[in-house]
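Enquirer: I would like the atomic coordinates for the input below:
(chains A and B, ligands or ions: 1)
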Amino acid sequence: MTRKSPEKIFIKGNEAIARGAIAAGCKCFFGYPITPQNDIPEYMSQALVEAGGEFVQAESEVASANMLLGAGACGIRAMTSSSSPGISLMQEAISYMAGSEIPAVIVNMNRGGPGLGDIGPSQGDYFQSTRGGGHGDYRTLVLAPASCQEAYDLIIKAFDLAFKYRNPVLILGDAILGNMKEAVSPWKPAPVDPAEAADWRLEGAKGRGPRLHKSLYLHEGELAGQNKRLQEKYLAMQAETDFELYRTEDADLVVCAYGSIARIAKSAVRKLRKEGLKVGLFRPVNLYPFPSGPLAELAGQGKRFLTIEHNLGQMVEDVRLSVRGLADSEQFSVYPGNLPLPDDFEEPIKKALAGK
Amino acid sequence: MQAQERLVFDRPKVLADIPTHYCPGCQHGVAHRLAAELIDEMKLAEKTICVTSIGCSVFLYNYLLVDSVEAPHGRAPATATGVKRSRPDKFVLTYQGDGDLASIGMAEIIHCANRGERVSVIFVNNTVYGMTGGQMAPTTLIGQKTTTCPAGRSREHEGMPIRMAELIAQLGGTAYSARAALNTVKNIRSAKKAMKKAFEVQTKGLGFGFVELLATCPTNWRLDPVKANERVAGEMIPYFPLGVFRDQTAPAKGPAEVEK
Ligand SMILES: Cc1ncc(C[n+]2csc(CCOP(=O)(O)OP(=O)(O)O)c2C)c(N)n1
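Expert: Here you go, the predicted model:
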C-alpha cells in the first residue's frame, strides 16, 4: 500500500474526509445538514453516487446513525458525519452498534457548545468521544487529524479499524480542520476484500443458519459475558496507539495538545525553541486508546507537562492518568468561542516551563 | 403418506418449533405465523433481513429463522433503510409495536414511507405499551384506562388516537397501506392477504409496504383472551376501520372510491 500519489490537490479538510472515505471503499453515506461539516454530505451526494454508492439525507441525526447500524449489520462500509449537537443525537445508536459489535465510521467536526453554542471550532466533545458518549459501558476508537492530509489518511484507517474490531470509530475534527485548505496527496489504498465481514454480515440465511446482531441479553450471565467479551476487545484495541513527538528529546517541558490546537501549539513551540527554550510537543493522534505509554516514558525522563485544549480541560485528565506517580500536568484552556493564535500559548508555556 | 392423505396444515419452515414468551391470548404469535407463512410461500427466507424493534416482539428473532438485526426503540425504519440501501437485492422487513412506530419512531416511519424505501412494515396495534406494563400508547382509545391514564384517555388531555394506516397512505412513497385485524379466522385471512401485498410491493420494486394489524393485549387490558378478542370487534374496529387505504398494484380509483 502506497501512501503517496503523484498528484496533489488543494482541498478543505471536509473534502479530504469525503474523498478519503470513497477511496477507502465507503458504499453508503447517511447524514443531516449541520455546520461546519456540510461540505462532506454535499460532496458525497454527488461523488459517492457517481462511484456507485448510496447517499441518503436522513430526517435527523437519530435516523442517520440508525441507518448506519443497518448498513453496518450487512458488513457494508458506511459512514455518517455531523457536528456536536448532531453527534449527541446519535449516541443511542452508537451504543447499540458497540453493544451489537457493528462497524461504523462517524465523523464529528466539533463545534462550540454547550447547547447550540456556535459554529466555530471547539474540543468540547473530547469526553463524549473518548468515554463512549452514550449509555452503557463501551468505547469507540477515536482518531483526531491535525491536517487535511491526515484527515484523508485517518478516514481510510478508520474504516479498516472499524472492521478489524467490529466497533464504531470516530473521527474527531473541528471547524478549523474542516474548513481550512491544504495540499493533499489522494493516495489509493488496496481495494476492500470482497470477503470482508463474510463470516458475520447479514445477507439472508442461505445454506446456513440465521445470523443475528443484537445487544439485548436477558438470560442469567449473558450480559456479563458480553461485557467481558467487549472488555477483552477494548484491551486488544490498546495496541492502536498513534502519536506525534516534536522536539521532545531534550525538552524540559512537553506541551500536550491534539488536532487543530496541536498545530497552533506547534507554532508556539517552534518559535520558543528559536528563543532557546527547551520545549517540545506531544500530539496524540488516537484519543482512544490514549497513548499513555509513550507519555509515561517522557515523564520517566523527568519532563514537565502542559496540556493545552480548546475546552475547559478534558484531555488533561488522560495526560495526568498517563504520567501519574511520575509527574503532573499544568492545564491551559482556550474557551470555545475564542480562536487562539500561537502567541496566546507563549506565556502559559513559559510559565509552565519555569514551574510557576 | 397414503395416497388419499393430504397435508393441510403444517408449521412454516422459518417458524422455530419452540414455545413463545407471549401471554395467553396475545396475537403477536398469530402475526409472526402469518409472516412466516408468507416468507415460505414467497420463497423469501434466504434473502430476508428482518429488523426487529423494541417491545414485546423484540424476540421475533428467536421465532423467525431469518437474518435479523435489533434496532433501537422506534428506529427500525431507519435501520431498514440502511439495510436496504446497502443490500437492495434483499427482502427487508420490520415488525413494530404502536409505541415503537407511532410514538418514539414517528419521524422514522413517516420518512421511510415518504422516501418510498422498498421495505415492508408490519405494525401491531394493541392500543398499549405491552412490554413496559400497559402504559398509554398513541393508539390508546378514548376512555381506555391504562397505567398512565388511569382516568381513561381523553381528547382534551392526551389527544386523539392516531390512525397510522391512513396517515401512511397519504405519503408519496407508499405503494400499499392497509389495516387488518387478527380477531377472527376471516380477518386473519384478509390480514394475510394484506401482508402479502405489502411484501409484493417490495419484491416488485413499487415502493413502501405497510400493514397495520389490530391485536389483543389481554394482560394489559385486564381481560381474558375471549373478552379481549371481543374488544377488538366492539371497540377497536369502529375507530380503526379495516381496509386498504393505498394500493398501487390496483387500478387507479377516484378519491370517492377509495375504500374506507
Ligand atoms: C429509548 C427508549 N425508551 C423507552 C424504552 C422502553 N420501552 C421498551 S418497549 C416500550 C414500549 C413498547 O410498546 P409497543 O411498541 O406498543 O409494543 P408492545 O410491547 O405493545 O408489543 C418502551 C417504552 C426503550 N427501550 N428505549
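Enquirer: all strands of the stretch 151-300 of chain A, in order?
Expert: Here the stretch 151-300 of chain A has its strands, by DSSP state E, counting those that start in this stretch, at A:168-174, A:181-184, A:212-213, A:243-246, A:253-256, A:279-284, A:286-288.
Enquirer: Which of those sits closest to the ligand?
Expert: The closest of those to the ligand is strand A:212-213. By Cβ to the nearest ligand atom, the value is 16.9 Å. C-beta coordinates here come from the backbone N, C-alpha and C atoms, glycine included.
Enquirer: now the closest one, how far from the chain's geometric center?
Expert: Distance of strand A:212-213 from the chain centroid (Cα atoms, centre = their mean, to the nearest Å) equals 27 Å.
Enquirer: what's the answer for stretch A:116-130, then?
Expert: Distance of stretch A:116-130 from the chain centroid (Cα atoms, centre = their mean) equals 12 Å.
Enquirer: I'd like the average pLDDT over that stretch.
Expert: The average pLDDT for stretch A:116-130 rounds to 97.
Enquirer: What residues of it count as buried?
Expert: Within stretch A:116-130, the residues scored as buried using 16 or more other Cβ atoms under 10 Å in any protein chain shown are A:117, A:119-126, A:128-130.
Enquirer: among these, which are in helices?
Expert: Using DSSP state H, the subset of the buried residues of stretch A:116-130 located in helices is A:126, A:128-130.
Enquirer: any chance of the strands of the stretch 151-300 of chain A in CSV, plus mean pLDDT?
Expert: Formatted as CSV, the strands of the stretch 151-300 of chain A follow (pLDDT from 0 to 100):
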stretch, mean pLDDT
strand A:168-174, 98
strand A:181-184, 98
strand A:212-213, 98
strand A:243-246, 98
strand A:253-256, 98
strand A:279-284, 98
strand A:286-288, 98
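Enquirer: okay, those strands in a markdown table with distance to the ligand and mean neighbour count next?
Expert: Shown next, in a markdown table, are the strands of the stretch 151-300 of chain A (distance: least, Cβ to the nearest ligand atom, whole Å; neighbours: other Cβ atoms under 10 Å in any protein chain shown):
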| stretch | distance to the ligand | mean neighbour count |
| --- | --- | --- |
| strand A:168-174 | 18 | 29 |
| strand A:181-184 | 40 | 17 |
| strand A:212-213 | 17 | 21 |
| strand A:243-246 | 37 | 16 |
| strand A:253-256 | 37 | 28 |
| strand A:279-284 | 33 | 25 |
| strand A:286-288 | 25 | 24 |
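Enquirer: Tell me which of the ones you listed sits nearest to B:Arg87.
Expert: Taking Cβ to Cβ, strand A:212-213 is the member of the strands of the stretch 151-300 of chain A nearest to B:Arg87, at 13.8 Å.
Enquirer: helices or strands up against the closest one?
Expert: Counting contacts by 3 or more Cβ pairs under 8 Å, 6 or more residues apart in numbering or on different chains; DSSP states H and E, strand A:212-213 packs against strand B:67-70.
Enquirer: Which secondary structure state does the residue most central in space within chain B sit in?
Expert: Geometric centre of chain B, nearest residue: B:Phe123, 2.4 Å, by Cα atoms, centre = their mean. Following DSSP: H, G, I helix; E, B strand; the rest coil, B:Phe123 is assigned to strand.
Enquirer: any weak-confidence spans in the chain?
Expert: All of this is about chain A. Along chain A, the model assigns pLDDT under 70 to residues A:1-3.
Enquirer: switch to chain B, that's the one I care about
Expert: For chain B, applying pLDDT under 70 flags the ranges B:1-3, B:252-260.
Enquirer: Show residues contacting stretch A:11-19.
Expert: Under the criterion Cβ atoms under 8 Å, 6 or more residues apart in numbering or on different chains, residues A:36-40, A:43-44, A:47-48, A:81, A:107, A:109, A:145, A:147-149, A:151-152, A:155, A:171, A:173, A:177-182, A:184, A:186 lie in contact with stretch A:11-19.
Enquirer: Show the contacting residues for residue 169.
Expert: In the absence of a named chain, chain A is used. Taking Cβ under 8 Å, 6+ apart, we find A:Val169 in contact with A:103-106, A:140-143, A:158-159, A:161-162.
Enquirer: ah, no, chain B please
Expert: Here B:Ala169 is in contact with B:177, B:210, B:245-246 (Cβ under 8 Å, 6+ apart).
Enquirer: one step back: give me the subset of the contacts of A:Val169 that lies in helices.
Expert: Short answer: the contacts of A:Val169 in helices (DSSP H) are A:158-159, A:161-162.
Enquirer: all strands of the stretch 1-150 of chain B, in order?
Expert: Using DSSP E, counting those that start in this stretch, the strands of the stretch 1-150 of chain B run over residues B:48-52, B:67-70, B:91-97, B:120-125, B:128-129, B:135-136.
Enquirer: Helices of the stretch 151-260 of chain B, start to end?
Expert: Using DSSP state H, counting those that start in this stretch, the helices of the stretch 151-260 of chain B run over B:155-158, B:164-169, B:185-203, B:218-221, B:225-231, B:237-239.
Enquirer: Name the stretch among the ones you listed that sits most buried.
Expert: Mean neighbour count (mean count of other Cβ atoms under 10 Å in any protein chain shown) peaks for helix B:164-169 among the helices of the stretch 151-260 of chain B, with a mean of 23.
Enquirer: residues contacting the residue of chain A found nearest the ligand?
Expert: In chain A, no residue comes nearer to the ligand than A:Glu92, which is 6.3 Å away by Cβ to the nearest ligand atom. Shown in contact with A:Glu92 (Cβ under 8 Å, 6+ apart): A:62, A:65, A:134-135, B:72.
Enquirer: and if you look at A:Pro121?
Expert: Neighbouring residues of A:Pro121 by Cβ under 8 Å, 6+ apart: A:36, A:110-112, A:174-177, A:260, A:310, A:336, A:339.
Enquirer: follow-up on the earlier one: could you dump the ones in helices among the contacts of A:Val169 into JSON lines and include distance to A:Ser322 and neighbour count?
Expert: Output for these, formatted as JSON lines (distance: Cβ to Cβ, whole Å; neighbours: other Cβ atoms under 10 Å in any protein chain shown):
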{"residue": "A:Ala158", "distance to A:Ser322": "23", "neighbour count": "29"}
{"residue": "A:Phe159", "distance to A:Ser322": "28", "neighbour count": "25"}
{"residue": "A:Leu161", "distance to A:Ser322": "21", "neighbour count": "20"}
{"residue": "A:Ala162", "distance to A:Ser322": "25", "neighbour count": "26"}
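Enquirer: Show me the two of the residues you listed that sit farthest apart.
Expert: Greatest spatial distance among the ones in helices among the contacts of A:Val169 (Cβ to Cβ): A:Phe159 and A:Leu161, at 7.4 Å.
Enquirer: Can you get me a residue count around residue 111?
Expert: Because you didn't say which chain, this covers chain A. 28 (other Cβ atoms under 10 Å in any protein chain shown).
Enquirer: that answer is for a different chain, and I need it for chain B
Expert: 21.
Enquirer: neighbouring contacts of stretch A:200-210?
Expert: Outside stretch A:200-210, the residues that touch it by Cβ under 8 Å, 6+ apart are A:73-76, A:166, A:211, A:213, B:45-49, B:61, B:65-69, B:83, B:87, B:90-91.
Enquirer: still on that earlier bit, tabulate the strands of the stretch 1-150 of chain B (CSV), appending distance to A:Glu244.
Expert: Formatted as CSV, the strands of the stretch 1-150 of chain B follow (distance: least, Cβ to Cβ, whole Å):
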stretch, distance to A:Glu244
strand B:48-52, 42
strand B:67-70, 39
strand B:91-97, 44
strand B:120-125, 50
strand B:128-129, 52
strand B:135-136, 53
